[in-house]
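*Asks:* This is a predicted model, with the sequence first.
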There are 4 protein chains.
Amino acid sequence: MDINNIQRQLRDFAQERDWEQFHSPKNLATALAIEAAELLEPFQWLKEDESRRLAEKPADYARIREEIADVLIYLLRLADQLDIDLEEAVKEKMRKNAEKYPIALARGNAIKYNRRES
Amino acid sequence: MDINNIQRQLRDFAQERDWEQFHSPKNLATALAIEAAELLEPFQWLKEDESRRLAEKPADYARIREEIADVLIYLLRLADQLDIDLEEAVKEKMRKNAEKYPIALARGNAIKYNRRES
Amino acid sequence: MDINNIQRQLRDFAQERDWEQFHSPKNLATALAIEAAELLEPFQWLKEDESRRLAEKPADYARIREEIADVLIYLLRLADQLDIDLEEAVKEKMRKNAEKYPIALARGNAIKYNRRES
Amino acid sequence: MDINNIQRQLRDFAQERDWEQFHSPKNLATALAIEAAELLEPFQWLKEDESRRLAEKPADYARIREEIADVLIYLLRLADQLDIDLEEAVKEKMRKNAEKYPIALARGNAIKYNRRES
């Protein structure tokens, strides 16, 4: 995905409509959290297993696909406004997670999850 | 960004730790919404203008960069589990938005925002 | 619960600390959403059944109790700032729900949930 | 507000519709977070000052009142399922906050907010 190119298109889209005034980082972070909750909405009463077979429900599936796009669009806008390089940020976090959850310890006994549940 | 490559790495990361059992689409959508709220947290008491000058607060800035990475990581995992092509989904949504908010109508009077506020 | 009395105490608490300036309805609604996500956090990797036996995990239980209090505190503040009578609002919504989901239709086939899943 | 009485009505409502099966604490916490985001939605593009004058927009105001009721309803259900006494939990948290943010320190320099912003 050519992130810079999509971010440029989203920036143009906002500028052409004079919407930059609404797109402060605070408002974009708010919009992102709202979209993430809308994405969660179709899952709320599903059993976990049902959520693994979502492709069987085309209407839900299409809606979720669109909500995922909304989340990503606001994330791209926010990163653009804050001058954050998404790819670098993700790679750095992945390195951090690899150190924090070494396979030998995490495997099987799943520290992360046990810690949270204990 | 080579999305497929990062998704593969995240999948390996989960499999090596036997965490796939926790990563149902329902749980990943929940984790995503929680991370989005954590990303919103440092903005909650800021004025909008302060949020536009975030680079002046290195500690907040670094934290927000990391939360943005967390959101993107769960989004990549969720899209991978649901077999959704992120780039296509975003492009399709951008076309839809262009139809929904034509410049001539949206500019200046900002329909989208007026509608929501009215 | 004497809601008016607690709201008065919360108002005094904010005024004594000169925090009213931060407590715009927009910011309080943001804080409420963030607290609701913090309340969701200890549940994110649990199976539904585990969440029904939460009393067995005293640390999680105590944390959830405190997050529930945080959510309610912001809800009381927000309703106070907007002059909304919580009890009346809840009773009105319960009447609306009773009309929207008549027992005869909702029972067994669970319209609400089926609709969302279809 | 007679919390126990309302909780009993909400319990009856769910039982009569055979919805208890969906109302695990995990699902209720999820529904609560989603409703909190829906409550935030009408505020997302507003300036803080506009949010202080919400009574001037009857449609938004009515919607927000209803979303506030939804949040409270799920909070009452969740507390009921977990056997948490809401009034006690709130009072305990208020005592904790009074210790954590003593007036002399919090006033004027607003530690809480400075800490978050620094």
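*Replies:* Nice, I can see it.
*Asks:* Kindly report the domain assignment for chain A.
*Replies:* Following the assignment in automatic domain parsing, chain A carries domains at A:3-84, A:85-118.
*Asks:* hmm, the helix or strand where A:Ala98 lies in reach of chain C?
*Replies:* Here A:Ala98, judged by DSSP states H and E, is contained in helix A:86-100. No - using CB under 8 Å from any CB of the partner chain, helix A:86-100 stays clear of chain C, with a minimum separation of 15.3 Å. For the C-beta atoms, the positions are set from N, CA and C on the backbone; glycine is no exception.
*Asks:* Quick check: mean pLDDT of that helix?
*Replies:* The average pLDDT for helix A:86-100 rounds to 97.
*Asks:* Which positions within that helix qualify as buried?
*Replies:* A:Leu86, A:Glu87, A:Ala89, A:Val90, A:Lys93, A:Asn97 (16 or more other CB atoms under 10 Å in any protein chain shown).
*Asks:* what angle sits between the helix or strand encompassing A:Arg77 and helix B:86-100?
*Replies:* Using DSSP H and E, A:Arg77 maps to helix A:58-81. Counting by axes from the mean of the first three to the mean of the last three CA atoms, to 10 degrees, helix A:58-81 lies at 90 degrees to helix B:86-100.
*Asks:* Who are the packing partners of helix A:58-81?
*Replies:* helix A:3-16, helix A:25-40, helix A:86-100, helix B:58-81, helix B:86-100 (3 or more CB pairs under 8 Å, 6 or more residues apart in numbering or on different chains; DSSP states H and E).
*Asks:* So which residues make contact with the first one?
*Replies:* Read that as helix A:3-16. If you take CB atoms under 8 Å, 6 or more residues apart in numbering or on different chains as the criterion, helix A:3-16 is touched by A:19-20, A:23, A:73, A:76-77, A:79-80, A:86-87, B:1, B:90-91, B:94, B:97-98, B:103, B:107.
*Asks:* Not including adjacent chain positions, what is the nearest residue to the residue of chain A found nearest chain D?
*Replies:* Residue nearest to chain D within chain A: A:Ala37 (3.2 Å; CB to the nearest CB). Nearest residue to A:Ala37, sequence neighbours excluded (CB to CB, 6 or more residues apart in numbering or on different chains): D:Ala37, at 3.2 Å.
*Asks:* Any stretches of chain A with poor pLDDT?
*Replies:* A:108-118 (pLDDT under 70).
*Asks:* And the domains of chain A: which comes nearest D:Phe43?
*Replies:* Among the domains of chain A, the nearest to D:Phe43 by CB to CB is domain A:3-84 (7.7 Å).
*Asks:* Contacts only, for the residue sitting furthest away from the middle of chain A.
*Replies:* Taking CA atoms, centre = their mean, the residue of chain A most remote from its mean C-alpha position is A:Ala104, at 28.4 Å. Under the criterion of CB under 8 Å, 6+ apart, A:Ala104 has no neighbours.
*Asks:* Tell me the secondary structure at it.
*Replies:* helix (DSSP: H, G, I helix; E, B strand; the rest coil).
*Asks:* Just give the nearest non-adjacent residue to A:Leu54, would you?
*Replies:* Closest to A:Leu54 by CB to CB, 6+ apart is A:Tyr61, at 5.4 Å.
*Asks:* Around the one you found, count how many other residues there are.
*Replies:* Counted with other CB atoms under 10 Å in any protein chain shown, residues neighbouring A:Tyr61 total 16.
*Asks:* Same question for A:Ile68.
*Replies:* Applying other CB under 10 Å, I find that A:Ile68 has 24 neighbouring residues.
*Asks:* Just confirm it contacts A:Ala36, I think it does.
*Replies:* No - in this structure, A:Ile68 is not within contact of A:Ala36 by CB atoms under 8 Å, at 9.7 Å.
*Asks:* just to revisit the earlier point, mind checking how far the residue nearest to A:Leu54 is from A:Ala37?
*Replies:* To A:Ala37, A:Tyr61 is 19 Å away according to CB to CB, to the nearest Å.
*Asks:* do A:Asp49 as well
*Replies:* Taking CB to CB, one finds A:Asp49 at 23 Å from A:Ala37.
*Asks:* More neighbours: which of those two?
*Replies:* Counting neighbours by other CB under 10 Å for A:Asp49 and for A:Ala37 shows that A:Ala37 has the greater number, 29 against 9.
*Asks:* Next up, the contacts around the more buried one.
*Replies:* B:Ala33, B:Ala36, C:Ala33, D:Ala33, D:Ile34, D:Ala36, D:Ala37, D:Glu38.
*Asks:* check contacts around the fourth one.
*Replies:* Counting by CB under 8 Å, 6+ apart, D:Ala33 touches A:Ala37, A:Leu40, B:Ala33, B:Ala37, C:Ala33, C:Ala36, C:Ala37, C:Leu39, C:Leu40.
*Asks:* ok so, going back, hmm, the residue nearest to A:Leu54 is touching B:Pro25, no?
*Replies:* No - with contact defined as CB under 8 Å, A:Tyr61 does not count as touching B:Pro25 (10.2 Å).
*Asks:* overlap in contacts of the two?
*Replies:* With CB under 8 Å, 6+ apart, A:Tyr61 and B:Pro25 have common neighbours A:Leu54, B:Leu82.
*Asks:* what about A:Trp19, how many neighbours?
*Replies:* Neighbourhood size, A:Trp19 [other CB under 10 Å]: 17.
*Asks:* That's all I had, so thanks and see you.
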